[in-house]
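**Student:** The sequence isn't on hand, but the structure is:
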(Lines give C-alpha, C1' and ligand atoms only; values in the text may rest on other atoms or scores of the structure.)
Protein backbone atom coordinates (compact mmCIF):
# COMPACT_ATOMS: atom_id res chain seq x y z
CA UNK A 1 0.00 0.00 0.00
CA UNK A 2 1.13 3.59 -0.67
CA UNK A 3 2.20 5.75 2.28
CA UNK A 4 0.07 8.74 3.26
CA UNK A 5 3.21 10.66 4.26
CA UNK A 6 4.09 10.86 0.55
CA UNK A 7 0.96 12.88 -0.17
CA UNK A 8 1.96 16.55 0.15
CA UNK A 9 -1.42 18.25 0.34
CA UNK A 10 -2.92 16.85 3.55
CA UNK A 11 -1.69 15.34 6.82
CA UNK A 12 -3.26 12.10 8.06
CA UNK A 13 -3.07 10.22 11.35
CA UNK A 14 -2.61 6.84 9.64
CA UNK A 15 0.38 5.56 7.69
CA UNK A 16 -1.02 3.69 4.66
CA UNK A 17 -3.96 4.11 2.29
CA UNK A 18 -6.49 1.30 2.60
CA UNK A 19 -7.73 -0.58 -0.52
CA UNK A 20 -10.60 1.88 -1.22
CA UNK A 21 -8.40 4.96 -0.79
CA UNK A 22 -5.69 3.36 -2.94
CA UNK A 23 -8.19 3.03 -5.80
CA UNK A 24 -9.06 6.73 -5.49
CA UNK A 25 -5.47 7.95 -5.12
CA UNK A 26 -4.85 8.53 -8.88
CA UNK A 27 -7.78 11.00 -9.00
CA UNK A 28 -6.93 13.13 -5.95
CA UNK A 29 -5.03 15.75 -7.97
CA UNK A 30 -6.79 15.45 -11.31
CA UNK A 31 -9.41 17.83 -12.67
CA UNK A 32 -12.10 15.16 -12.43
CA UNK A 33 -15.22 14.44 -10.48
CA UNK A 34 -15.32 11.26 -8.39
CA UNK A 35 -18.15 9.05 -7.12
CA UNK A 36 -17.35 6.57 -4.34
CA UNK A 37 -19.64 3.99 -2.78
CA UNK A 38 -17.94 2.11 0.05
CA UNK A 39 -18.86 0.60 3.40
CA UNK A 40 -19.04 2.44 6.70
CA UNK A 41 -15.54 3.06 8.12
CA UNK A 42 -13.92 2.46 4.71
CA UNK A 43 -12.15 5.83 4.92
CA UNK A 44 -14.32 8.00 2.67
CA UNK A 45 -13.73 11.11 4.78
CA UNK A 46 -9.99 10.79 4.24
CA UNK A 47 -10.65 10.73 0.48
CA UNK A 48 -12.56 13.99 0.82
CA UNK A 49 -9.79 15.49 2.96
CA UNK A 50 -7.09 14.51 0.45
CA UNK A 51 -8.94 16.17 -2.44
CA UNK A 52 -9.92 19.27 -0.45
CA UNK A 53 -6.32 19.64 0.73
CA UNK A 54 -5.11 19.64 -2.87
CA UNK A 55 -7.69 22.18 -4.05
CA UNK A 56 -7.11 24.47 -1.06
CA UNK A 57 -3.41 24.61 -1.95
CA UNK A 58 -4.42 27.04 -4.72
CA UNK A 59 -4.50 30.67 -3.48
CA UNK A 60 -8.00 31.99 -2.64
CA UNK A 61 -9.62 28.66 -3.61
CA UNK A 62 -12.59 27.44 -1.60
CA UNK A 63 -13.82 23.95 -0.74
CA UNK A 64 -17.37 23.08 0.31
CA UNK A 65 -18.29 19.97 2.30
CA UNK A 66 -22.03 19.25 2.14
CA UNK A 67 -23.55 16.86 4.65
CA UNK A 68 -27.13 16.03 5.61
CA UNK A 69 -27.09 16.61 9.37
CA UNK A 70 -26.14 19.42 11.74
CA UNK A 71 -24.51 16.88 14.06
CA UNK A 72 -22.13 15.88 11.29
CA UNK A 73 -21.44 19.53 10.43
CA UNK A 74 -20.50 20.27 14.04
CA UNK A 75 -18.31 17.16 14.26
CA UNK A 76 -16.36 18.04 11.12
CA UNK A 77 -15.99 21.68 12.17
CA UNK A 78 -14.52 20.75 15.56
CA UNK A 79 -12.25 18.16 13.98
CA UNK A 80 -10.96 20.33 11.14
CA UNK A 81 -10.39 23.42 13.31
CA UNK A 82 -7.65 21.39 15.04
CA UNK A 83 -6.43 19.65 11.87
CA UNK A 84 -2.80 20.18 10.90
CA UNK A 85 -3.80 20.98 7.31
CA UNK A 86 -7.23 22.61 7.55
CA UNK A 87 -6.67 24.44 10.84
CA UNK A 88 -4.77 27.20 9.01
CA UNK A 89 -7.84 28.10 6.93
CA UNK A 90 -10.91 30.03 8.00
CA UNK A 91 -13.70 27.46 8.39
CA UNK A 92 -17.43 28.22 8.58
CA UNK A 93 -20.56 26.20 9.27
CA UNK A 94 -23.48 27.06 7.01
CA UNK A 95 -26.77 25.82 8.47
CA UNK A 96 -29.93 27.10 10.16
CA UNK A 97 -28.21 27.26 13.57
CA UNK A 98 -25.44 29.63 12.47
CA UNK A 99 -25.86 33.14 11.09
CA UNK A 100 -23.21 33.76 8.44
CA UNK A 101 -22.73 37.06 6.64
CA UNK A 102 -21.79 37.41 2.94
CA UNK A 103 -18.48 38.93 4.06
CA UNK A 104 -17.65 35.87 6.17
CA UNK A 105 -18.44 33.55 3.27
CA UNK A 106 -16.16 35.58 1.01
CA UNK A 107 -13.28 35.19 3.46
CA UNK A 108 -13.84 31.53 4.37
CA UNK A 109 -11.78 28.89 2.61
CA UNK A 110 -13.54 25.74 3.89
CA UNK A 111 -17.33 25.81 4.24
CA UNK A 112 -19.26 23.01 5.92
CA UNK A 113 -22.90 23.20 4.84
CA UNK A 114 -26.16 21.33 5.16
CA UNK A 115 -27.99 20.49 1.93
CA UNK A 116 -30.76 23.05 2.35
CA UNK A 117 -28.49 25.94 3.35
CA UNK A 118 -26.12 25.35 0.44
CA UNK A 119 -29.04 24.98 -1.95
CA UNK A 120 -30.33 28.44 -1.01
CA UNK A 121 -26.92 30.02 -1.60
CA UNK A 122 -26.51 28.29 -4.96
CA UNK A 123 -29.96 29.41 -6.05
CA UNK A 124 -28.99 32.99 -5.25
CA UNK A 125 -25.75 32.53 -7.21
CA UNK A 126 -23.73 34.35 -4.57
CA UNK A 127 -20.37 35.58 -5.81
CA UNK A 128 -18.23 33.41 -3.49
CA UNK A 129 -19.62 30.25 -5.14
CA UNK A 130 -17.56 30.95 -8.27
CA UNK A 131 -14.40 30.51 -6.17
CA UNK A 132 -15.30 26.98 -5.11
CA UNK A 133 -12.89 24.47 -6.68
CA UNK A 134 -14.43 21.35 -5.13
CA UNK A 135 -17.74 20.39 -3.56
CA UNK A 136 -17.84 17.19 -1.54
CA UNK A 137 -21.34 15.76 -1.18
CA UNK A 138 -21.31 13.30 1.71
CA UNK A 139 -24.13 10.73 1.99
CA UNK A 140 -24.84 11.08 -1.73
CA UNK A 141 -27.66 8.53 -1.58
CA UNK A 142 -29.74 11.58 -0.61
CA UNK A 143 -30.20 12.19 -4.34
CA UNK A 144 -32.81 9.43 -4.15
CA UNK A 145 -34.40 10.63 -0.91
CA UNK A 146 -38.17 11.18 -1.09
CA UNK A 147 -38.08 14.58 0.63
CA UNK A 148 -34.52 15.85 0.22
CA UNK A 149 -33.60 14.41 -3.16
CA UNK A 150 -34.93 17.29 -5.24
CA UNK A 151 -33.16 19.82 -3.01
CA UNK A 152 -29.89 17.89 -3.36
CA UNK A 153 -30.16 17.73 -7.15
CA UNK A 154 -31.09 21.41 -7.35
CA UNK A 155 -27.99 22.32 -5.33
CA UNK A 156 -25.69 20.44 -7.72
CA UNK A 157 -27.31 21.80 -10.87
CA UNK A 158 -27.42 25.43 -9.72
CA UNK A 159 -23.80 25.21 -8.59
CA UNK A 160 -22.50 23.79 -11.85
CA UNK A 161 -24.60 26.16 -13.96
CA UNK A 162 -22.67 29.08 -12.49
CA UNK A 163 -19.34 27.35 -11.77
CA UNK A 164 -18.48 24.57 -14.21
CA UNK A 165 -14.89 24.51 -12.95
CA UNK A 166 -15.95 23.06 -9.58
CA UNK A 167 -15.15 19.37 -9.07
CA UNK A 168 -17.96 17.18 -7.68
CA UNK A 169 -17.00 14.47 -5.16
CA UNK A 170 -19.92 12.21 -4.18
CA UNK A 171 -19.49 9.81 -1.27
CA UNK A 172 -21.89 7.22 0.11
CA UNK A 173 -22.01 3.99 2.07
CA UNK A 174 -25.23 2.78 0.42
CA UNK A 175 -25.21 4.12 -3.14
CA UNK A 176 -26.49 1.40 -5.49
CA UNK A 177 -26.40 3.39 -8.76
CA UNK A 178 -22.81 4.63 -8.67
CA UNK A 179 -22.37 4.55 -12.44
CA UNK A 180 -25.61 6.47 -13.02
CA UNK A 181 -24.59 9.22 -10.57
CA UNK A 182 -21.18 9.44 -12.24
CA UNK A 183 -22.78 9.90 -15.67
CA UNK A 184 -25.05 12.60 -14.27
CA UNK A 185 -22.12 14.50 -12.69
CA UNK A 186 -20.28 14.34 -16.00
CA UNK A 187 -23.35 15.76 -17.76
CA UNK A 188 -23.82 18.75 -15.46
CA UNK A 189 -20.23 20.03 -15.41
CA UNK A 190 -18.55 18.23 -18.32
CA UNK A 191 -15.69 16.78 -16.27
CA UNK A 192 -14.58 13.12 -16.56
CA UNK A 193 -16.15 11.22 -13.66
CA UNK A 194 -14.63 7.91 -12.56
CA UNK A 195 -16.63 5.87 -10.08
CA UNK A 196 -15.59 3.30 -7.49
CA UNK A 197 -17.90 0.81 -5.78
CA UNK A 198 -16.30 -1.36 -3.10
CA UNK A 199 -17.51 -3.89 -0.54
CA UNK A 200 -14.27 -3.74 1.45
CA UNK A 201 -14.67 -2.99 5.15
CA UNK A 202 -12.08 -2.91 7.94
CA UNK A 203 -14.09 -4.94 10.43
CA UNK A 204 -16.44 -7.91 10.25
CA UNK A 205 -20.14 -7.10 10.40
CA UNK A 206 -22.39 -9.37 12.47
CA UNK A 207 -26.13 -9.23 11.90
CA UNK A 208 -28.87 -10.47 14.23
CA UNK A 209 -32.57 -10.16 13.47
CA UNK A 210 -35.11 -10.79 16.25
CA UNK A 211 -38.79 -10.30 15.27
CA UNK A 212 -40.59 -9.01 18.40
CA UNK A 213 -44.05 -7.48 18.12
CA UNK A 214 -44.84 -6.16 21.60
CA UNK A 215 -43.16 -2.89 22.52
CA UNK A 216 -42.64 -3.92 26.15
CA UNK A 217 -40.91 -7.10 25.01
CA UNK A 218 -38.71 -5.07 22.63
CA UNK A 219 -37.62 -2.88 25.53
CA UNK A 220 -36.85 -5.95 27.64
CA UNK A 221 -34.83 -7.45 24.79
CA UNK A 222 -32.78 -4.24 24.47
CA UNK A 223 -32.25 -4.12 28.24
CA UNK A 224 -31.02 -7.73 28.24
CA UNK A 225 -28.57 -7.10 25.39
CA UNK A 226 -27.17 -4.00 27.10
CA UNK A 227 -26.60 -5.81 30.38
CA UNK A 228 -25.01 -8.74 28.54
CA UNK A 229 -22.59 -6.31 26.91
CA UNK A 230 -21.34 -5.34 30.39
CA UNK A 231 -22.13 -1.73 29.61
CA UNK A 232 -19.74 -1.34 26.72
CA UNK A 233 -20.64 1.53 24.40
CA UNK A 234 -24.13 0.86 23.00
CA UNK A 235 -25.91 2.95 20.37
CA UNK A 236 -29.66 2.37 19.87
CA UNK A 237 -31.66 3.85 16.99
CA UNK A 238 -35.41 4.41 17.29
CA UNK A 239 -37.99 5.48 14.70
CA UNK A 240 -39.59 8.27 16.71
CA UNK A 241 -38.98 10.67 19.59
CA UNK A 242 -41.90 9.16 21.50
CA UNK A 243 -40.37 5.67 21.43
CA UNK A 244 -36.98 7.12 22.32
CA UNK A 245 -38.32 8.85 25.42
CA UNK A 246 -40.19 5.70 26.46
CA UNK A 247 -37.09 3.53 26.01
CA UNK A 248 -34.96 6.00 27.97
CA UNK A 249 -37.39 5.85 30.89
CA UNK A 250 -37.51 2.04 30.77
CA UNK A 251 -33.72 1.71 30.80
CA UNK A 252 -33.24 4.27 33.56
CA UNK A 253 -35.88 2.54 35.67
CA UNK A 254 -33.85 -0.65 35.14
CA UNK A 255 -30.71 1.00 36.50
CA UNK A 256 -29.06 1.68 33.13
CA UNK A 257 -27.55 5.13 32.68
CA UNK A 258 -28.50 6.41 29.24
CA UNK A 259 -29.39 9.54 27.28
CA UNK A 260 -31.60 10.35 24.31
CA UNK A 261 -30.27 12.27 21.28
CA UNK A 262 -32.80 13.99 19.01
CA UNK A 263 -33.34 17.21 17.06
CA UNK A 264 -35.11 18.69 20.11
CA UNK A 265 -31.70 19.33 21.67
CA UNK A 266 -29.91 22.55 20.81
CA UNK A 267 -26.42 22.58 19.28
CA UNK A 268 -24.59 22.79 22.59
CA UNK A 269 -26.63 19.97 24.15
CA UNK A 270 -26.04 17.70 21.15
CA UNK A 271 -22.29 18.32 21.15
CA UNK A 272 -22.03 17.77 24.90
CA UNK A 273 -23.94 14.50 24.67
CA UNK A 274 -21.68 13.16 21.91
CA UNK A 275 -18.60 14.27 23.84
CA UNK A 276 -19.74 12.33 26.90
CA UNK A 277 -20.60 9.25 24.85
CA UNK A 278 -17.22 9.22 23.08
CA UNK A 279 -15.30 9.64 26.31
CA UNK A 280 -14.13 6.63 28.28
CA UNK A 281 -14.17 8.64 31.49
CA UNK A 282 -17.90 9.35 31.75
CA UNK A 283 -20.79 7.09 32.88
CA UNK A 284 -22.68 7.58 29.58
CA UNK A 285 -22.26 4.23 27.82
CA UNK A 286 -25.75 3.90 26.28
CA UNK A 287 -27.05 6.44 23.78
CA UNK A 288 -30.53 6.29 22.23
CA UNK A 289 -30.95 8.31 19.04
CA UNK A 290 -33.33 9.14 16.23
CA UNK A 291 -32.22 9.30 12.60
CA UNK A 292 -30.72 12.74 13.36
CA UNK A 293 -27.58 10.82 14.34
CA UNK A 294 -27.75 8.10 11.71
CA UNK A 295 -25.59 9.49 8.90
CA UNK A 296 -21.88 10.05 8.91
CA UNK A 297 -21.19 10.98 12.54
CA UNK A 298 -18.17 9.11 13.88
CA UNK A 299 -18.74 7.44 17.24
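**Tutor:** Cool, the structure landed. These figures come from a predicted structure and were not determined experimentally.
**Student:** How far off centre is the helix-or-strand element of the chain with minimal mean pLDDT?
**Tutor:** Counting by mean pLDDT, DSSP states H and E, the chain has its least confident helix or strand at helix 267-278, which shows a mean of 84. Taking CA atoms, centre = their mean, to the nearest Å, one finds the center of helix 267-278 at 17 Å from the center of the full chain.
**Student:** List the buried residues of that helix.
**Tutor:** The neighbour-count check on helix 267-278 (16 or more other CB atoms under 10 Å) flags 270, 271, 273, 274, 277 as buried. For the C-beta atoms, the positions are set from N, CA and C on the backbone; glycine is no exception.
**Student:** Repeat that for stretch 209-225.
**Tutor:** So for stretch 209-225, counting by 16+ other CB under 10 Å, buried means 218, 219, 222, 223.
**Student:** taking those residues one by one, which sit in strands?
**Tutor:** Judged by DSSP state E, strands contain none of the buried residues of stretch 209-225.
**Student:** one step back: make CSV from the buried residues of helix 267-278 and add distance to residue 143 to it.
**Tutor:** What follows is those, written out as CSV (distance: CB to CB, whole Å):
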residue, distance to residue 143
270, 26
271, 28
273, 30
274, 27
277, 30
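**Student:** Check which helices and strands the least confident helix or strand of the chain sits against.
**Tutor:** helix 70-81, strand 258-261 (3 or more CB pairs under 8 Å, 6 or more residues apart in numbering; DSSP states H and E).
**Student:** which other helices and strands contact the first one?
**Tutor:** Taking 3+ CB pairs under 8 Å, 6+ apart as contact, the helices and strands that helix 70-81 lies on are strand 62-67, strand 91-94, strand 110-114, helix 267-278.
**Student:** cutoff 7 Å now
**Tutor:** Packing partners of helix 70-81 (3 or more CB pairs under 7 Å, 6 or more residues apart in numbering; DSSP states H and E): strand 91-94, strand 110-114, helix 267-278.
**Student:** Could you check how far residue 63 is from residue 97?
**Tutor:** 21 Å (CB to CB, to the nearest Å).
**Student:** Could you tell me which ranges of the stretch 151-299 of the chain sit under the pLDDT cut-off?
**Tutor:** 231, 294-299 (pLDDT under 70).
**Student:** And the strands in it?
**Tutor:** Here the stretch 151-299 of the chain has its strands, by DSSP state E, counting those that start in this stretch, at 167-172, 195-197, 234-237, 258-261, 286-289.
**Student:** Using TSV, lay out those strands together with distance to residue 130 and mean neighbour count.
**Tutor:** Listed next are these as TSV, based on distance: least, CB to CB, whole Å; neighbours: other CB atoms under 10 Å:
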stretch	distance to residue 130	mean neighbour count
strand 167-172	14	25
strand 195-197	27	18
strand 234-237	40	15
strand 258-261	38	21
strand 286-289	38	23
